[in-house]
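Asks: Mind looking at a prediction? Sequence and model below.
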Amino acid sequence: MEPVRIRVRTGVPRGAARNPAARDLGLRVLNGCCLEAERADRIGSCLQVLRNALPEHLHPHLTAVIDQLQITTQLLQDLADKSQVHISQVPVMIDYLNVILPCLCRTLRDIMSFYEDKSRSKDSRWRAMYHTMSNELPGTTLPARFIMYNQFLGLLNFMLTRDPNFDVNAMEALRLRILQLREARKIDPPSPIGTDVSRRDTALDFWRRETDSHWAEAIFTQPFPSRREFRKRGKSDAFGPLDRMGHTNPFPHDVKILVKRTFENNRVSIIIFMRQADQLPFILVRTLTAGGEPWVSIRPVHDLNIERESTSVLHLSYWDSIERRRKAWASLSFLTWEELVLFYCTFVCLKARSEWTQKVDSREFKISREKRLFQAQIIDDAFEHFLVVYEDAHTKGRRLHVIARDGPLARCPVWTAFVPPDAPEDWLIHKAPHRVWLRDLQVYSFCDEYQPHNQRRSFGAFQIKFTHVAAATGFKQLFNPIPDASVEDASENDDDEDPIPSE
């Protein structure tokens, strides 16, 4: 195994010089990743020496560990290098790196302790190492432990670079598994995953300016601030008409992948991409037959309608001009309410903003099985918008949903944000008669024109400015009920307010 050559860049990436905190975090990531990469590489070399001294029938499992250590080394080096290029994204992933590095470090040190135990024969060292460490986390052998580490590091690479292959659900499952291993090894728990939404907004803004990216690329490339899983899951499926993989009409090379999601262990996958020549968005659905054969279907977004079919399932359909009726195209079953909401809003916005769309069915602007609790007009980043608070009937999760007030995109989502479960009392501050501040509010923007960081105030608080004083008071009462007979019902629109139609 080649020795690791650690090269620390002396130059500072563009934008980092304006943000010393981001630069310091970048250095911490670089140092931690490089240190463990060097350790993994050195231990891999030691295990190669051990393997050469063992009988051949003991090689397979040891070879598997050595191979995974090589992958670990490469992934850590990639993170260190890429963190200096994607410096603005480092604050988002630093807490996740702190989940794995102490655990990985302990594993590598434990391996070295077994390897250096001169009181045992080499055969006994390997057997003791393998069986002792494989029993520390039930169901996870030593090679499988490194596979888990490498899957997590691979997802961190995707998170850092905002790769559409980033899977937030897989990341959460692996994080919980690593936390179980930390507990079994009596490693102190890491600090909670941070919610420095101000830095996230800054990172998004920097990323968009520097990469000429599309807003939809950022929706699923960051961890969710909360997770409300559905108790009952539906089934994902693709109904077609389907073509065998490779038999579809070829697309031009200038396409940009915006969203990629997988369902039911990758049996069904969805890719939303844009043809850059005319900015036309398409959706590709791929399904696997029982024999593992892939079949696909591609349709432009404006040809499809979306609706929430059941608790966790979104249903996509198209108009069959021959049979003159709508037909099922795909059903997508989501693990969490947050993911369902974000996919729904992303689809509707791409459809509404496409020049090929003649008209969006008004029913598509409303996600079914959500109850409207509040509605008011706000001044948002110099735009006049409507703010609606919805509550999901199944998970009881609440979210803020901001839509355009008028114009050709009236009722089209501008941004949404999920209310934290069990929000503390100081989560909401009634700062002034018309203004409310919200702490730790992670905003998902569905257009490039809207800039969430413009609404940030002290300590990263997000400001909402209401057109009417009564609306600000009513909004506060919704989350912090205080009996007051003199307070007006903010859901009732004033005479000069143009309400959105009742749901």
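Replies: Yes, it's here.

Asks: okay but residue 342 is in contact with residue 444, surely?
Replies: Yes. Residue 342 is in contact with residue 444 according to Cβ atoms under 8 Å; the separation is 6.0 Å. (Glycine included, C-beta is placed from N, CA and C.)

Asks: host element of residue 298?
Replies: strand 294-300 (DSSP states H and E).

Asks: Next secondary structure after that strand?
Replies: Counting by DSSP H and E, the element after strand 294-300 in chain order, helix or strand, is strand 304-308.

Asks: for the stretch 401-503 of the chain, what spans make up the strands?
Replies: Ranges of strands in the stretch 401-503 of the chain, per DSSP state E, counting those that start in this stretch, are 413-418, 428-432, 435-438, 443-445, 462-466.

Asks: just the stretch 201-350 of the chain next, same as before
Replies: 237-238, 243-244, 255-263, 268-275, 280-288, 294-300, 304-308, 313-320, 325-333.

Asks: what's the next secondary structure element after the helix or strand hosting residue 35?
Replies: Element membership of residue 35, judged by DSSP H and E, is helix 20-52. Later in the chain than helix 20-52, the nearest helix or strand by DSSP H and E is helix 59-85.

Asks: if we can go back for a sec, paired strands for the strand holding residue 298, with orientation please.
Replies: Strand 294-300 pairs in its sheet with strand 243-244 (antiparallel), strand 280-288 (antiparallel), by DSSP bridges.

Asks: okay if I get these as CSV plus distance to residue 464, mean pLDDT and mean neighbour count?
Replies: Formatted as CSV, the strands paired with strand 294-300 follow (distance: least, Cβ to Cβ, whole Å; pLDDT from 0 to 100; neighbours: other Cβ atoms under 10 Å):
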stretch, distance to residue 464, mean pLDDT, mean neighbour count
strand 243-244, 47, 84, 12
strand 280-288, 30, 91, 20
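
Asks: Save those as JSON lines, and put in distance to residue 450 too.
Replies: JSON lines is the format used below for those (distance: least, Cβ to Cβ, whole Å):
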{"stretch": "strand 243-244", "distance to residue 450": "38"}
{"stretch": "strand 280-288", "distance to residue 450": "19"}
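
Asks: Residue 112 is nearest to which of those?
Replies: Across the strands paired with strand 294-300, residue 112 has its closest neighbour in strand 280-288 (42.3 Å, Cβ to Cβ).

Asks: who's in contact with the closest one?
Replies: The contact list for strand 280-288 (Cβ atoms under 8 Å, 6 or more residues apart in numbering) reads 237-238, 242, 245, 251, 258, 266-275, 294-302, 304, 316, 329-330, 350-351, 354-356.

Asks: Pull out the buried members of those residues.
Replies: Listed as buried from the contacts of strand 280-288 are 237-238, 242, 258, 267-274, 295-297, 299-302, 304, 316, 329-330, 350-351, 354; burial here means 16 or more other Cβ atoms under 10 Å.

Asks: circling back to that earlier point, pick out the shakiest of the strands of the stretch 201-350 of the chain, pLDDT-wise.
Replies: For these, the weakest mean pLDDT is recorded on strand 243-244, namely a mean of 84.

Asks: hmm, who's touching it?
Replies: Contacts with strand 243-244, where a contact means Cβ under 8 Å, 6+ apart, come from 293-297.

Asks: between the strands of the stretch 401-503 of the chain, which one is nearest to residue 219?
Replies: Among the strands of the stretch 401-503 of the chain, the nearest to residue 219 by Cβ to Cβ is strand 443-445 (5.9 Å).

Asks: got any residues that touch both of residue 342 and residue 444?
Replies: Joint contacts of residue 342 and residue 444 (Cβ under 8 Å, 6+ apart) are 219, 416.

Asks: And the strands of the stretch 201-350 of the chain: which comes nearest residue 47?
Replies: Here strand 255-263 is closest among these (Cβ to Cβ), at 33.8 Å.

Asks: residues of that closest one that come out buried?
Replies: Buried residues in strand 255-263 (16+ other Cβ under 10 Å): 256-263.

Asks: between these, which is closest to residue 474?
Replies: Closest to residue 474 out of the buried residues of strand 255-263 is residue 259 (35.2 Å), distances taken as Cβ to Cβ.

Asks: Is the closest residue to that closest one other than its chain neighbours bridged to anything, and to what?
Replies: Nearest in space to residue 259, with sequence neighbours left out and distances taken as Cβ to Cβ, 6 or more residues apart in numbering, is residue 272 at 4.1 Å. Following DSSP bridges, residue 272 is listed with bridge partners residue 259, residue 283.
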